[in-house]
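>>> This is the structure alone, sequence omitted:
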């Protein structure tokens, strides 16, 4: 499995971000270059229209891909596409949460795009760890002080079983129009989540 770490331009404090995992590619989307620099990361590529950064970087040792401002893809998706094209199937995103709400919603939708391409996306900051589960069974460790919330990103998630949590479920369902899964807690060492059909948004969050 190849991993990419992608830095976005959301206004986050570099000093409190979770540790960056080892990766095959380090990428920046536009102003994500500022965050990478602050976290002492040298990117392999910087991509975007550079409206947020304010200039086209000429970073030694890093490729620069300049895109037009009028385009369908967000800058973060452009970096994700680069990672996918280079064989990465696990993509971690820093600086993708905590900014504009419309950008955050776009990044949630991006998790579905990645799943369509056979890849897993993970959005992280100092208070959140977020991914998408599309069917099957997955195990999630207990994280001290963090709530464990589940939401249907598809119209419905069917045949859902939750084990090891404060509010378990057996072959139930989640609807895209009712937040049944908000503020659960993992009580066991790991929670087991099984989804028969649908896209389940998995959110760890702390106050």
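Looks like it arrived, so ask away. Computed from a prediction, not measured in an experiment: that's the story for all the values here. Residues are numbered from 1 along each chain as shown.
>>> quick one, helices of the protein?
32-38, 75-85, 101-116 (DSSP state H).
>>> so can I have JSON lines of those helices showing mean neighbour count and mean pLDDT?
Placement of C-beta: from N, CA and C, glycine included. As requested, the helices of the chain are exported to JSON lines (neighbours: other Cβ atoms under 10 Å; pLDDT from 0 to 100):
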{"stretch": "helix 32-38", "mean neighbour count": "22", "mean pLDDT": "94"}
{"stretch": "helix 75-85", "mean neighbour count": "22", "mean pLDDT": "96"}
{"stretch": "helix 101-116", "mean neighbour count": "16", "mean pLDDT": "96"}
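>>> Take the ones you listed and lay them out in JSON lines including distance to residue 138.
JSON lines is the format used below for the helices of the chain (distance: least, Cβ to Cβ, whole Å):
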{"stretch": "helix 32-38", "distance to residue 138": "28"}
{"stretch": "helix 75-85", "distance to residue 138": "21"}
{"stretch": "helix 101-116", "distance to residue 138": "12"}
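>>> Between those, which one is closest to residue 10.
In terms of Cβ to Cβ, the element of the helices of the chain nearest to residue 10 is helix 101-116, at 7.0 Å.
>>> Any stretches of this structure with poor pLDDT?
For the chain, the stretches with pLDDT under 70 are 59-61.
>>> all strands for it, in order.
Remark: strands assigned in the chain by DSSP state E are 2-7, 25-29, 45-48, 63-66, 88-94, 120-124, 128-141, 147-152, 156-163, 169-175, 181-184, 190-205.
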